[in-house]
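[1] Got a predicted model here, sequence first, then my questions.
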Amino acid sequence: MIIVVGEALVDLIEDGPGRPVAHPGGSPANVAVALARLGLPTGLLTQLGDDPHGQLLRAHLRDNGVRIAPGSLLDGAPTSVARTTFDDGQPRYAFDVTWRTFPASEAVPTAAPECLHTGSLASVLAPGADDVLALVRAARPTTMVSYDPNCRPALMGDRRLAAGRIETLVGQSDIVKVSVEDLGWLYPGDPYQQVARRWTDLGARLVAVTLGDQGAWARSHADEARVDGLAVEVVDTVGAGDAFMAGLLTGLRDRGLLGVGHRAALGVADAHVLGPVLAHAARIAALTCGRRGADPPTRAEVAAADWSAAASA
């Protein structure tokens with residue numbers, strides 16, 4: 001079981017000028033759905049209002065096999081919304097997000113999950129962000145932790161304060177995935193390899209950096225690896241990073257590197273391990289880019305795709 005903690009929201013995605021269409025979204029919720037579609041038992045602790053948007057999200061999560069954790073239903077508050085428009089295929093976001101305090105004690109089953117994943121707005125927005133950090137600290141002795149900052153500068157306030165909070169969570173995490181765009185905002189001018197070294201020094205066993213159409217790179221305590229991007233017809237990039245995150249976790253699990261008992265092995269993973277894991281995650285992200293909105297593939301769809309054609313295009 002993997003437990004995901006963080007926001008679920010409705011993406012109002014522009015389908016032509018002035019024509020928003022409601023799609024289920026929110027980075028942690030996207031990760032949970034992607035994990036479930038890839039065959040991993042997955043639960044989500046989130047915050048949903050009792051309104052049409054909340055009903056849409058609950059149905060979407062249930063239909064994809066994601067268990068909604070107790071404490072996820074808000075009383076008297078609307079479901080969070082993001083409005084997405086596009087500039088040359090790249091999404092631009094405006095948010096109306098609520099992230100309250102929550103009863104974290106109900107989020108993690110009695111039997112410790114293999115991994116607890118969190119990130120994005122839920123890890124930085126007050127007042128709930130403090131509860132996320134407390135939950136991570138409580139789970140860490142018995143559970144592997146993964147984290148994706150997924151920065152939204154418009155909602156994160158002072159950059160240096162945000163970086164400090166992110167570094168605190170990096171230090172509590174085993175697996176960190178981050179985009180090169182996020183790092184460019186957090187640490188202007190610092191090479192991503194340098195930041196990854198700092199983050200592994202903080203305690204992360206593995207830091208993976210997505211490089212857009214240039215592929216992805218990762219570093220453990222022992223080695224590093226890089227894979228090139230795949231040439232695909234991009235519809236939009238909504239949810240691609242979340243799909244990559246799910247692919248990273250499933251790739252590690254397939255190789256026996258997920259779970260608290262595998263921390264030491266994860267920390268010394270070499271390029272022969274890291275490279276295939278990155279390639280797996282990149283394929284899942286590429287398939288998501290070929291669809292409108294956050295619509296990650298199933299494991300069967302990943303296996304059936306013609307990757308030789310994508311690599312040579």
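    On my side now, so go ahead. Numbering: from 1, shown residues only.
[2] does residue 144 really touch residue 258, like I thought?
    Yes - look at residue 144 against residue 258 with Cβ atoms under 8 Å: they come within range, at 6.1 Å. (C-beta placed from N, C-alpha, C; glycine too.)
[3] ok, the two, which is more surrounded?
    Comparing residue 144 with residue 258 by other Cβ atoms under 10 Å, the one with more neighbours is residue 144, at 28 against 24.
[4] what pairs with that one across the strands?
    Legend: beta-bridge partners of residue 144 under DSSP bridges are residue 115.
[5] any idea how far it lies from residue 272?
    As judged by Cβ to Cβ, to the nearest Å, residue 144 and residue 272 stand 21 Å apart.
[6] show me where pLDDT drops low in this structure?
    Residue ranges of the chain with pLDDT under 70: 16-18, 89, 91, 103-111, 308-313.
[7] what about the helices in it?
    Counting by DSSP state H, the chain has helices at residues 27-37, 52-63, 128-139, 153-156, 159-171, 180-186, 192-202, 240-254, 263-267, 271-289, 299-304, 307-312.
[8] what's around residue 189, how many residues?
    Neighbour count of residue 189, defined by other Cβ under 10 Å: 6.
[9] what's the most centrally placed residue in the chain in contact with, if anything?
    Closest residue to the average C-alpha location of the chain: residue 242 at 4.1 Å, with Cα atoms, centre = their mean. Going by Cβ atoms under 8 Å, 6 or more residues apart in numbering, residue 242 touches 27, 28, 30, 31, 34, 148, 150, 294, 296.
[10] how about those, which pair is most distant?
    Greatest spacing in the contacts of residue 242, by Cβ to Cβ: 150 and 296 (15.1 Å).
[11] out of the two, which sits in the busier spot?
    Between residue 150 and residue 296, counting by other Cβ under 10 Å, residue 296 is the more crowded of the two (27 against 23).
[12] how close does the more buried one get to residue 24?
    11 Å.
[13] ditto for residue 276
    30 Å.
[14] Equivalent analysis for residue 161, please.
    31 Å.
[15] Of those two, which one has the most company?
    Per other Cβ under 10 Å, whichever of residue 161 and residue 24 has more neighbours is residue 24, with 24 against 11.
[16] number of nearby residues for the nearest residue to that one once chain neighbours are set aside?
    Excluding the flanking residues, the one nearest residue 24 by Cβ to Cβ, 6 or more residues apart in numbering is residue 60, at 4.0 Å. Applying other Cβ under 10 Å, we find 17 residues neighbouring residue 60.
[17] Please apply the same query to residue 50.
    Neighbours of residue 50 under the rule other Cβ under 10 Å: 15.
[18] And for residue 306?
    Burial of residue 306 is recorded as 7 neighbouring residues (other Cβ under 10 Å).
[19] list the contacts for the residue lying closest to residue 276 once chain neighbours are set aside?
    Once flanking residues are discounted, residue 276 sits nearest to residue 251: 7.0 Å by Cβ to Cβ, 6+ apart. By Cβ under 8 Å, 6+ apart, the contact set of residue 251 is 276, 277, 278, 280, 281.
[20] quick one: residue 251 and residue 226, what's the gap?
    Per Cβ to Cβ, residue 251 is found 15 Å from residue 226.
[21] And for residue 157?
    Note on residue 157: its distance to residue 226, by Cβ to Cβ, is 33 Å.
[22] Which of those two has more residues huddled nearby?
    Ranked by neighbour count (other Cβ under 10 Å), residue 157 and residue 226 place residue 226 first, with 16 against 13.
[23] who does the residue nearest to the more buried one when sequence neighbours are not counted bridge with?
    Distances taken as Cβ to Cβ, 6+ apart place residue 217 nearest to residue 226, at 4.4 Å, with adjacent residues excluded. Residues in a beta bridge with residue 217, per DSSP bridges, are residue 209, residue 226.
[24] residues contacting residue 217?
    Counted by Cβ under 8 Å, 6+ apart, residue 217 has contacts 192, 193, 196, 208, 209, 211, 224, 225, 226, 227, 278.
[25] Can you turn the buried part of these into a PyMOL selection?
    Here is the PyMOL command that picks out the buried ones among these, judged by 16 or more other Cβ atoms under 10 Å:
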select buried, resi 192+196+208+209+211+224+225+226+227+278
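[26] Would you mind naming the residues that bridge with the residue lying closest to residue 154 once chain neighbours are set aside?
    Nearest in space to residue 154, with sequence neighbours left out and distances taken as Cβ to Cβ, 6+ apart, is residue 95 at 7.1 Å. Note on residue 95: beta-bridge partners residue 82, judged by DSSP bridges.
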